[in-house]
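Novice: Take a look and give me a structure for this.
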Amino acid sequence: MLKAAHLVLLAAAAMAVVSGAMPTIGYANGDDPVAEGKQIFQAKGCGACHTIGSGRLVGPDLKGVTKRRSRQWLEKMIVSPETMLYSDPIAKKLLEQYMVPMPNQGVTKEEVKKLIDYLEHEDKKGGDDD
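Specialist: Predicted structure coming up:
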């Protein structure tokens, strides 16, 4: 069950999206979805909570995430984490483990595809999975 502090975080993120404080980002390099995905990862502040291969922070390390979760699951979790936290058993378990809900960063459906392309690219670079 979500605590009051978690609900406040979710409400603040939702208000930022609605108010336009977290706008959709335009990218100059429209022919490289991986590069655009990396830009989205940086611009949306994903690195504040997640690393890719450097261990957990506030949220889980994303190394190997595209091998552990389906693209559809990742899209739902990134675009609408608040819905997933109430309806998805994996998301609920992650919330229990990390104790901080993933905020909605206002990622569009177009952006999420590029973001996942970037995560897939990182997962294909080699090295061991978790």
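Novice: Dihedrals phi and psi, the residue nearest to the spatial centre of the chain?
Specialist: Closest to where the C-alpha atoms of the chain average out (Cα atoms, centre = their mean) is Ile78, at 4.3 Å. Dihedral pair for Ile78: phi -80, psi -40, per degrees, to the nearest 10.
Novice: any idea how far Leu95 is from it?
Specialist: Counting by Cβ to Cβ, to the nearest Å, the gap from Ile78 to Leu95 is 15 Å. C-beta: built from backbone N, CA, C; applies to glycine.
Novice: what's the answer for Ala35, then?
Specialist: 31 Å.
Novice: Pick out whichever of those two has more residues nearby.
Specialist: Leu95 (20 against 17; other Cβ atoms under 10 Å).
Novice: What is the distance between the helix or strand that contains the more buried one and the centre of its chain?
Specialist: Using DSSP states H and E, the element containing Leu95 is helix 89-98. Offset of helix 89-98 from its chain centre (Cα atoms, centre = their mean, to the nearest Å): 14 Å.
Novice: got the CA positions of it in CSV?
Specialist: Output in CSV follows, covering the C-alpha atoms of helix 89-98 (Å, rounded to 0.1, in the frame of the first residue of the first chain):
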residue,chain,number,x,y,z
PRO,A,89,2.5,-7.6,-9.4
ILE,A,90,6.1,-7.0,-10.5
ALA,A,91,5.7,-3.2,-10.1
LYS,A,92,4.2,-3.8,-6.7
LYS,A,93,7.2,-6.0,-5.7
LEU,A,94,9.7,-3.4,-6.9
LEU,A,95,7.9,-0.7,-4.8
GLU,A,96,8.2,-3.0,-1.8
GLN,A,97,11.9,-3.5,-2.5
TYR,A,98,12.8,0.1,-3.2
